[in-house]
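Student: Using only what follows, build the 3D model:
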Amino acid sequence: MNETSVRTFEVLECWKACRVLRCFVAKSVCRTLPKDERYRLGDQILRAARSATSNIAEGYGRFHYLDNAKFCSNARGSVWETLDHVIIAHDEELIDATLLATGRVTVANAIALLNGYISYLQRAAKERPEGPNNK
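Tutor: Coordinates of the predicted model:
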């Protein structure tokens, strides 16, 4: 069995968008923070961004539409939390307006895709309440 024969959470567009956000935070935001803030605000931003992709992955593994939707809802909260931390970094003059603007666009994309996936999961739960793996 090769790695492409198993379908994983990595195919989800919302996970891909949250991954872009996580990488943006790690590579662009955290690296520009002053050294003392990397261990304070930087740690919080990175934890929130990592939580988004982790929650999507965990929900995907639940094999039940509403469980999955709940974890995606948690991921959505983490994305909003990430934006708040980026705004804080800008308010405290730790990052520039360009990084804030990029963060806002990246967050908006992730939120839109998460909202769409959550809506799909909720519709699927109504159409097939026993879950995707039960026949």
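Student: For the protein, just list every one of the helices.
Tutor: 13-24, 35-38, 41-60, 65-91, 97-127 (DSSP state H).
Student: got CSV for those, with mean neighbour count, mean pLDDT and distance to V6 too?
Tutor: Placement of C-beta: from N, CA and C, glycine included. Output for those, formatted as CSV (neighbours: other CB atoms under 10 Å; pLDDT from 0 to 100; distance: least, CB to CB, whole Å):
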stretch, mean neighbour count, mean pLDDT, distance to V6
helix 13-24, 21, 98, 15
helix 35-38, 12, 92, 37
helix 41-60, 22, 97, 12
helix 65-91, 20, 98, 17
helix 97-127, 16, 97, 20
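Student: nearest to R7, of the ones you listed?
Tutor: helix 41-60 (9.5 Å; CB to CB).
Student: got the angle for the closest one vs helix 97-127?
Tutor: 20 degrees (axes from the mean of the first three to the mean of the last three CA atoms, to 10 degrees).
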